[in-house]
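Visitor: what shape does this take:
(chains A and B)
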Amino acid sequence: MKKSIIIIAACVLYQLTASAQDANALIKRVKAKLDKVNDYVAEGSMKTDVVFIKAPAGKIKVYYKRPDKFKIKRDRGISILPKGGISFNNSSLLSTSNFTAILAGESIIDGTKVKLVKMLPGDENSDVVLTTLFIDEANLLIRKTNTTTRENGTFEMEMKYGKYAEFGLPDKVIFAFNTKNYKIPKGVTMEFDTDEPAKTMKNKKGKVEINYSSYTINKGVANSEFN
Amino acid sequence: MWQLLQIELFKIFKRPRTYISFGAVAALVGIIQLGLKLDGNMYIEFMLRDLSASFNIEGNILNGYLVCYIILQLLLVHVPLLITLIAADLISGEANMGTLRLLLTKPISRTEIILAKFFAAGVYTFMLLIFMAVLALFLSMAIFGTDDMLNLKSGYVVQLKSTDVFWRYVCAFCFAALAMLTVASLGFFLSIFADNSIGPIVATMSIIVVFTILSTLDIPIFNAIKPFLFTTQMIGWKGFFDVKVNDDNQAIIGSIQNPDRVLKAAGILVFYIVGLLVASIVVFKKKDILS
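Guide: Numbers count the residues shown, from 1 in each chain, chains lettered A, B, ... in the order given. Alright, predicted model coming up:
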């Protein structure tokens, strides 16, 4: 009896270690692909879909520099971007090596088989609690991520790839996040009309969609762009 | 008619009290601009506190367009009181000075006199609004710069592209002109009934105050009459600063959320203006002038 328990425990431990090794190896391969990009400047358009924001789609410029500098600038005008440490890029997610990765099964996204990798941060004070990566192993592309944070709720990021797939850079990113309630007293905004139907906005998901039209890769980006 | 109008304008702009309104508008706009320049970030932080909880907002938020919107929100409630000072004095002032009878001995019809005085009140109103537009919009643009405008409404935020704002202000000022002309019409109408200026000025102000309170009270029994009060429709200019969205919830540049409501509000104000003007002509024609 004692012998069989030891054997089972050893099997489970082996399985877990093997899973962690597989996950780490996969992440290393993805990271190696992403590391081909030292910096980039991308142009594209951004759409914000939040129930209490009426904003027009606008042109944006995105700046990235390794390891984790990332900035989205609206081409003229005010930019309203969801809060949180998670930026809209994969490199930032993998910029640290202080995490434990575990393989958590397989799934299918848009007809592509993906492996689920759960990443647990090693730093106890990290805002990120858990990140799940949906990795297309054949092409070494991250198709989707799901990140839970302490302060800013849960984020979901979906990526579609096209002509910049060889660098692991997406053509389209859909970023979904939880929004808090928005309300200003009518007395402050001086609105006296009562016939506007009240909108239910609590616990609604917000969405930001970025469509990249072009990337300029590894041509250098000044640090001043990130200020 | 043109000559009559010139005479009436001369009378209006000869009186020192005419310039009280211009001075008051300049002082109020200046005070608001100074306050926002010195401590506007606190105000913006307060207004954006709910939005900032979920979003990072970057850009020149407190720009000239937003400052002008804040000024108009505050002033367009009080400017009617300044317009009353002139409009409610046009007939009663003449009666008080004893020049009304003299005026009516001239070979001019009473209708022409009323129209000339009414148009003169309209010119004064437009000039005050143009003065306000120059200070509130153009001076604010010079002091605070320009950028997209964030219209922070009670239940949602509207982001207007900087290239999509100016025409809205032109429309808003035209609408405000209608609103102020309504007040001028009311003051003018009441001035026919009095032999001194104080009565119609105070009466007009009282009506504005009572109607404004009724418009702002959110009590069901008053909701039925609210649409018919000119004070409810006077804030219709804000409708130009809300936009429609498409199926993706993207704001449609150049659109207005409720154009029908804005037109309806403008229609009600025009109805008031025409109604009060016609009533003024009818009453004045029948009036026995004793002063």
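Visitor: can you check the pLDDT for whatever residue of chain B ends up closest to chain A?
Guide: Of all residues in chain B, B:Gly59 sits closest to chain A, at 3.3 Å by CB to the nearest CB. Any C-beta I mention is one placed from the backbone N, CA and C, and that applies to glycine too. Looking at B:Gly59, its pLDDT is 86.
Visitor: secondary structure element for A:Val41?
Guide: Here A:Val41 sits within strand A:39-49, counting by DSSP states H and E.
Visitor: partner strands of that strand and their direction?
Guide: If you go by DSSP bridges, strand A:39-49 pairs up with strand A:58-65 (antiparallel), strand A:205-217 (antiparallel).
Visitor: quickly compare the ones you listed and say which is most buried.
Guide: Most buried of the strands paired with strand A:39-49, by mean neighbour count (mean count of other CB atoms under 10 Å in any protein chain shown): strand A:58-65, with a mean of 19.
Visitor: tell me the helix or strand right after it.
Guide: With secondary structure assigned by DSSP H and E, strand A:58-65 is succeeded by strand A:69-74.
Visitor: run a quick neighbour tally on residue 73.
Guide: No chain specified, so I'll use chain A. 16 (other CB atoms under 10 Å in any protein chain shown).
Visitor: try again with chain B
Guide: Residues lying near B:Gln73 (other CB under 10 Å) number 15.
Visitor: how about B:Ile20, nearest residue that isn't a chain neighbour?
Guide: Computed as CB to CB, 6 or more residues apart in numbering or on different chains, the closest residue to B:Ile20 that is not its neighbour in sequence is B:Leu85, at 6.6 Å.
Visitor: save the strands paired with strand A:39-49 as JSON lines, and put in mean pLDDT too.
Guide: Shown next, in JSON lines, are those (pLDDT from 0 to 100):
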{"stretch": "strand A:58-65", "mean pLDDT": "88"}
{"stretch": "strand A:205-217", "mean pLDDT": "89"}
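Visitor: for B:Ile113, which non-adjacent residue is closest in space?
Guide: Leaving aside its sequence neighbours, B:Ile113 sits nearest to B:Leu103 (CB to CB, 6+ apart; 6.6 Å).
Visitor: if you could redo that for A:Leu141, that was the one I meant.
Guide: A:Leu141 sits nearest to A:Tyr161 (CB to CB, 6+ apart), 5.6 Å away.
Visitor: grab the nearest non-local neighbour of residue 185.
Guide: Using chain A. Nearest to A:Pro185 is B:Ser154, by CB to CB, 6+ apart, at 7.0 Å.
Visitor: ah, no, chain B please
Guide: Nearest one to B:Ser185, counting by CB to CB, 6+ apart, is B:Leu276 at 3.8 Å.
Visitor: and if you look at A:Pro82?
Guide: Nearest non-adjacent residue to A:Pro82 (CB to CB, 6+ apart): A:Phe177, at 4.7 Å.
Visitor: just to revisit the earlier point, does the residue nearest to B:Ser185 touch B:Leu190 like I think?
Guide: No: taking CB atoms under 8 Å as the definition, B:Leu276 is not a contact partner of B:Leu190, at 9.2 Å.
Visitor: give the residues shared as contacts by those two.
Guide: With contacts defined as CB atoms under 8 Å, 6 or more residues apart in numbering or on different chains, no residue is shared by B:Leu276 and B:Leu190.
Visitor: returning to that earlier point: neighbours of the residue nearest to A:Pro185, how many?
Guide: Neighbours around B:Ser154, by other CB under 10 Å: 17.
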